[in-house]
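**Student:** next input, structure requested:
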Amino acid sequence: MTDKEESDRRLVYEVREAGALLGLTKNGSYAAAKRGDIPTIRIGKLLKVPKVAFHKMLANAGTTGPSE
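**Tutor:** So this is what the prediction gives:
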């Protein structure tokens, strides 16, 4: 199995991977995750970004009014 196939099969991104998809730096990615701007789950000490929640967040971006 190639690295790409393995990556495609994973259900989660690393925080820095998800942030990179948004054009964020490593520090910016973790700051966004801490603020709740990037959906995360905690598994022990690990912080992961579920792919389904991440892509759903992007699909819904701009479809709701400004947050209050």
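**Student:** CA atoms for contacts and neighbours, from now on please.
**Tutor:** OK.
**Student:** can you give me the strands for the protein?
**Tutor:** Secondary structure of the chain by DSSP state E: the strands cover 12-14, 41-43, 46-50.
**Student:** OK, contacts around the closest residue to Val52 other than its chain neighbours?
**Tutor:** Nearest residue to Val52 in three dimensions, chain neighbours excluded: Leu11, at 7.7 Å (CA to CA, 6 or more residues apart in numbering). Contact analysis of Leu11 by CA atoms under 8 Å, 6 or more residues apart in numbering lists 50-52.
**Student:** redo that, cut-off 10 Å
**Tutor:** Applying CA atoms under 10 Å, 6 or more residues apart in numbering to Leu11 gives the contacts 48-52.
**Student:** okay, now the unreliable bits of this structure?
**Tutor:** 64-68 (pLDDT under 70).
**Student:** Ala32 versus the residue in the chain sticking out farthest from the centre, what's the distance?
**Tutor:** In the chain, Met1 marks the outermost C-alpha relative to the chain mean, sitting 24.1 Å out by CA atoms, centre = their mean. Separation of Met1 from Ala32 (CA to CA, to the nearest Å): 32 Å.
**Student:** can you check His55 too?
**Tutor:** Distance from His55 to Ala32, counting by CA to CA: 15 Å.
**Student:** okay, the two: which has more neighbours?
**Tutor:** In terms of neighbours (other CA atoms under 10 Å), Ala32 is the more surrounded of His55 and Ala32; the figures are 16 against 13.
**Student:** how much space between Gly19 and Asp37?
**Tutor:** Relative to Asp37, and taking CA to CA, Gly19 is found at 10 Å.
**Student:** Gly44 now?
**Tutor:** According to CA to CA, Gly44 stands 21 Å off from Asp37.
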